[in-house]
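Peer 1: just need the structure, nothing else, for what follows:
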Amino acid sequence: MIAKIIGAACLIILVIAGAPSIPQAAQVFQVVKVPLRIDYLTLAAELKTTIFTGPNGRAEIWKGSDACQFLDVSKPRFLKDSSGLVLELDGTLSLGLPLIGKCIAPFTWTGIADLTVDPYLAPDLSLKLRVTDINLYDVHHKRTLIAGHGFNLVKGSVIPRIETFEFDLKPPLDELIELVRLGAPPDVAQRVKAAADSLTPIPPVIADSDSIRVALQMTIPATAPTAVPSVSAGPLTPAEAAKLRDTLDNWDGFIVFAIEQVGLSVDDPQLRQQMFDLLMDSRYRLIAALAQPASGGPDPVRILFLDTWVQLGDIVRSAAQRQLLGNRELEFLSFISAGDALFALDEAAPSLGVRISADDLRRLARIMAPQVTTDPLAFSFNEDPKLQKMFGLSPPLELPESAESLAAAAAETPTPTASPSGTPSGSPSPSPSGSASSAASPSSHTSRSATPSPSGSTGNPSPTIVNPISSKSPQPALSSSPSPSPAPTPSPAAAASPTAFEAPAGWWILDAAPAEASDSGPDDDILSLGDKLKRVVVGDDNVSTYQPEVESLLTLTARRNIGMAGFGGADQRTYLMLVKATAWQESCWRQFIRRGNRVRFLESSTGDIGLMQINKYVWRGFYNLTRLEWDIVYNTGAGSAILQRLLSQAIAKDHSGHAAAALARSSYSAYNGGPGSFNRWRKPNAPAQARSIDKAFWAKYQSMVINNSFDIQTCAAQWASSH
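Peer 2: Here you go, the predicted model:
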């Protein structure tokens, strides 16, 4: 039906590519061996589709003269033990008699049949099983005695049926050769086709711990290898950058397609979390591949593809072992096995110029879901209801104005040349000429390091970035109770230590009252603040009102998420500080800047957007892009929800006494670098850029804890210089 296996079939190409160069007139041939592997999960799945086709996946092996006499087996699984390869089957035998509509059963057996099997390869390239022994056990795997007719019936019925099974290797081999032909230069493809036609099996067949290993031999012409393509040094040209973007977009579309096919078929929280982490880490690495200039050496895109594929295969095989894949088990396992061959081929045969193309990915995707007619590589920034549903991401609170209206109004409204403090709702408040917010225009951003983010911003990489608020920007009064005296800026030594700082309980401001709080509900207060901050650019003339309003927006949004997260008291305080410190680290509490005489949303060179710097490539499909850009309430809600999810994961994983500092630092590291970066801040061998980012966040977090504020204008200038 499809390419079911062939993890090492690519060695066909590898051997051809590595053969010595000789003159055409004196060309000779050599015989080479080609190892193939067939994993037991795929073999069992194929058994189910050919033999175990009865109700509930059972094989009706024998039927007597009436409904009281039958032998059924189910759930085939392979395992390797000291006796060899064993095929286990669940079985039920009934030798009863019908009486008044019921079965009187003088003998029944329900248990496990263990068949020791000897796999072998037939001349037609089909893998077959020869049964050499059979043992019957009860349901607890204890030996049971079934004498006479019962045992003979099981033995005489089960063994012949299993020995009819054939696993044909020729179709997947043909499909792989076709992929090679389509992806390789014509002369190489023809040599590969000729070599494949000479394939013959070589005994014996070996049963390993997790797969059957077989070998084929083929005759190939000796030929000179083609030069291996390498990654060129230096920055990418615009055309190269566009090609790389297309390649990564195709890959992301392919991974999303695969994740949705599996995740929507299996309602299992563990599997869906694994799929979410895989998608997020893959996307963070995509951003890194885009941000990192080519410098020779290994191709980072190839490494990303292979690493992601290996993880996806592990997740699917684990789900198959847990029997979660239902009637799509063979499709999913065949998809993984075919991909193993294709990706191994791509890895082994660069000297032939054989590269995985978009069409290869499409063919591979259709192995998994032959019924799907849409393009499996389709890429879009639109919201994807399937992704949102599968991973349980609720839409954030948003301003009542439509996203399109918000964007259109911003495009049509020039920034006024002056603005009094207390700008009317909806009127942009500009920065003075030459201010930091103007300097932070996206056009001035420099390329970021290879460390991705939703942000990747460092602010000022030194832990001394915490600045007392300037005289033009008095500290906002957020607390309804007396605030403690401002604490000094944390020292570099304290900021660098994972456990150097824990604030007294009285210093937390979870119960802070929002500025200009109303008697309405919390959502109304958030929307009111969002309306005041709509398209507002902070400047010296309005910072005294802007800063407390943004802090209130962050506080109220965090409170709203706390109500949905079920955090305890200490975790609530950690989360609130985490949200505020992250917004400081990411954007200096800014959603909008000025470009020329127009208001523009804040965007980094790698596509991180707005107050919470949510990367549009990492989070595509989950959130509305236009709202992330133009709706400060929506952007704040989305970033806070991501942090809520990450903090919940950090709490579940934490083994350090539930320390607030460790939880906050782990959550931010994951926000900045993906789920695989939860413990990045603990690792002394982490990349220097990542260490700098984590250190900067830690200083800001401590400053938030002791209720220090900061100078937005100075922070904005530092942000612009680091982006």
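Peer 1: for the record, mean pLDDT for the helix or strand residue 273 falls within?
Peer 2: Assigned by DSSP states H and E, residue 273 belongs to helix 269-291. Helix 269-291 shows an average pLDDT of 90 in the prediction.
Peer 1: CA atoms only for that helix - export them in PDB, please.
Peer 2: Taking C-alpha atoms only, helix 269-291 is exported to PDB below (Å, rounded to 0.1, in the frame of the first residue of the first chain):
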ATOM      1  CA  PRO A 269      -3.200  14.800  27.200                       C
ATOM      2  CA  GLN A 270       0.300  13.400  27.400                       C
ATOM      3  CA  LEU A 271       0.500  12.900  23.600                       C
ATOM      4  CA  ARG A 272      -0.900  16.300  22.900                       C
ATOM      5  CA  GLN A 273       1.600  17.900  25.300                       C
ATOM      6  CA  GLN A 274       4.400  16.100  23.500                       C
ATOM      7  CA  MET A 275       3.000  17.300  20.200                       C
ATOM      8  CA  PHE A 276       2.800  20.900  21.500                       C
ATOM      9  CA  ASP A 277       6.400  20.900  22.700                       C
ATOM     10  CA  LEU A 278       7.600  19.400  19.500                       C
ATOM     11  CA  LEU A 279       5.800  22.100  17.400                       C
ATOM     12  CA  MET A 280       7.000  24.900  19.600                       C
ATOM     13  CA  ASP A 281      10.600  23.800  19.700                       C
ATOM     14  CA  SER A 282      10.600  23.200  16.000                       C
ATOM     15  CA  ARG A 283       9.300  26.700  15.400                       C
ATOM     16  CA  TYR A 284      11.700  28.400  17.800                       C
ATOM     17  CA  ARG A 285      14.500  26.600  15.900                       C
ATOM     18  CA  LEU A 286      13.000  27.800  12.600                       C
ATOM     19  CA  ILE A 287      13.400  31.400  13.800                       C
ATOM     20  CA  ALA A 288      17.000  30.600  14.800                       C
ATOM     21  CA  ALA A 289      17.700  29.200  11.300                       C
ATOM     22  CA  LEU A 290      16.400  32.400   9.800                       C
ATOM     23  CA  ALA A 291      18.300  34.700  12.200                       C
END
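Peer 1: so what secondary structure elements neighbour that helix?
Peer 2: Secondary-structure packing of helix 269-291 (3 or more Cβ pairs under 8 Å, 6 or more residues apart in numbering; DSSP states H and E): helix 238-263, helix 300-321, helix 385-391. (Glycine included, C-beta is placed from N, CA and C.)
Peer 1: for these, which one sits closest to residue 683?
Peer 2: With Cβ to Cβ, the closest approach to residue 683 among the helices and strands packed on helix 269-291 belongs to helix 300-321: 18.5 Å.
Peer 1: what does that closest one contact?
Peer 2: Under the criterion Cβ atoms under 8 Å, 6 or more residues apart in numbering, residues 39, 41, 45, 231, 244, 247-248, 251, 255, 258-259, 262, 266, 268, 271, 274-275, 278, 281-282, 285-286, 288-289, 292, 325, 329, 332-333, 335-336, 339-340, 343, 346-347, 356 lie in contact with helix 300-321.
Peer 1: which among the residues you listed count as buried?
Peer 2: 39, 41, 45, 244, 247-248, 251, 255, 258-259, 262, 266, 271, 274-275, 278, 281-282, 285-286, 288-289, 292, 325, 329, 332-333, 335-336, 339-340, 343, 346, 356 (16 or more other Cβ atoms under 10 Å).
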